[in-house]
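[1] any chance you could fold what I've pasted below:
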Amino acid sequence: MSDPVFTPDEMMSVVIARQVRDGETVATGANSPIPASGCLLAQRLHAPSTRVMVLGSRRHFPFHGDKEFFDFAQRGKLDLFFLGGIQIDARANINLHVLGDYAHPARRFPGAFGSGVLYYVAKRVILFRTEHSHRVFVPRVDFVTSPGVTPPGVARPGGPSKVVTPLALLSFNRDTATLELESVHPGYTADEVLENTGFPLPVRPDVHQTPPPTAEELSTLRGPVLDEIADAYPDFVARARAARA
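    A predicted model of the protein is given here:
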């Protein structure tokens, strides 16, 4: 898009906000300023009863250490959580560990930090990635940090629900156990999304253009929401404000 009235990060935050339901308990993990922004935006605009927890925030993290948070999640108290992935495949498997062979990787990353557990115990999980390309959306992840699909008989109250990227919103079809194209963000086409996805991506019959951010969503996001996440994500907030200067 030339001369956009909103940034890709803002588009993603707004899409995420629209997925949050009033009254839910939602949490975002480490290095997740876009989901954190989206959840706090939802709380201000349409989900006032939502409880938002942001890892790393003094203002929005009520626990004394990560262990308390994981205990809380494993008791089934977490309605919605957000996960990223170095790689994501068609079955919503995520890789946060290595590129290439595990024993001799081309690159090694920090790892799961509890993602393997949270992908199972949260009632809904939305995946997100700020890059939509063949190196992210791969036919098969090099390492399964946490699977999108579990065998019969394995307890799992939720699992993958959506994937949010700068180009599109994908949804997870539980019947076929695969990702599908749900909507395309303004400025892009379905063909562009398919061309930038490294596996065959089914297109839902009701695929549509994602509604652009409203003036209210943008003003709230750029004002009070950025103020709220500044303690946890000062660099992100500084970049966001510089982009609007």
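
[2] in the chain, which residue is most central in space?
    The chain has F128 as the residue nearest its centroid, 2.9 Å off, counting by C-alpha atoms, centre = their mean.

[3] what's opposite that residue in the beta bridge?
    Note on F128: beta-bridge partners by DSSP bridges are V164.

[4] dump the residue contacts of it.
    M12, I16, S32, I34, P35, F82, L83, G84, V163, V164, T165 (C-beta atoms under 8 Å, 6 or more residues apart in numbering). Any C-beta I mention is one placed from the backbone N, CA and C, and that applies to glycine too.

[5] and the first one, how many neighbours?
    Applying other C-beta atoms under 10 Å, we find 23 other residues in the vicinity of M12.

[6] so A240 touches I229, yeah?
    No: contact criterion C-beta atoms under 8 Å: A240 and I229 do not qualify, at 9.5 Å.

[7] neighbour-wise, which of these two wins?
    Legend: neighbour count by other C-beta under 10 Å for A240 and I229, higher for I229 (25 against 22).

[8] now the more buried one: closest residue in space that isn't a chain neighbour?
    Spatial nearest neighbour of I229, excluding adjacent residues (C-beta to C-beta, 6 or more residues apart in numbering): A36 at 5.2 Å.

[9] the one you found: which element?
    Using DSSP states H and E, the secondary-structure element containing A36 is helix 33-45.

[10] just the CA atoms of that helix, as CSV, please.
    The C-alpha coordinates for helix 33-45 follow below in CSV (Å, rounded to 0.1, in the frame of the first residue of the first chain):
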residue,chain,number,x,y,z
PRO,A,33,3.4,-6.1,21.7
ILE,A,34,0.9,-6.5,18.9
PRO,A,35,-1.3,-9.0,20.7
ALA,A,36,-1.0,-6.9,23.9
SER,A,37,-2.1,-3.8,22.0
GLY,A,38,-5.0,-5.7,20.4
CYS,A,39,-6.3,-7.1,23.7
LEU,A,40,-6.1,-3.7,25.5
LEU,A,41,-7.8,-2.1,22.5
ALA,A,42,-10.7,-4.6,22.8
GLN,A,43,-11.0,-4.0,26.5
ARG,A,44,-11.4,-0.2,25.8
LEU,A,45,-13.9,-0.5,22.9
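
[11] what's that helix packed up against?
    If you count contacts as 3 or more C-beta pairs under 8 Å, 6 or more residues apart in numbering; DSSP states H and E, helix 33-45 packs onto helix 8-19, strand 25-28, strand 51-54, strand 124-128, helix 215-220, helix 226-229.

[12] please report the distance of the closest residue to T7 other than its chain neighbours from P8.
    Spatial nearest neighbour of T7, excluding adjacent residues (C-beta to C-beta, 6+ apart): A243 at 5.7 Å. A243 sits at a distance of 10 Å from P8 (criterion: C-beta to C-beta, to the nearest Å).

[13] swap in G23?
    Distance of G23 to P8, computed by C-beta to C-beta: 29 Å.

[14] more neighbours: which of these two?
    For the pair G23 and P8, the greater number of neighbours falls to P8 (18 against 11), based on other C-beta under 10 Å.

[15] check contacts around the more buried one.
    For P8, the contacting residues are T130, P166, by C-beta under 8 Å, 6+ apart.

[16] change it to 7 Å
    P166 (C-beta atoms under 7 Å, 6 or more residues apart in numbering).

[17] and if you look at V52?
    Counting by C-beta under 7 Å, 6+ apart, the residues that V52 touches are V26, C39, L40, Q43, H60.
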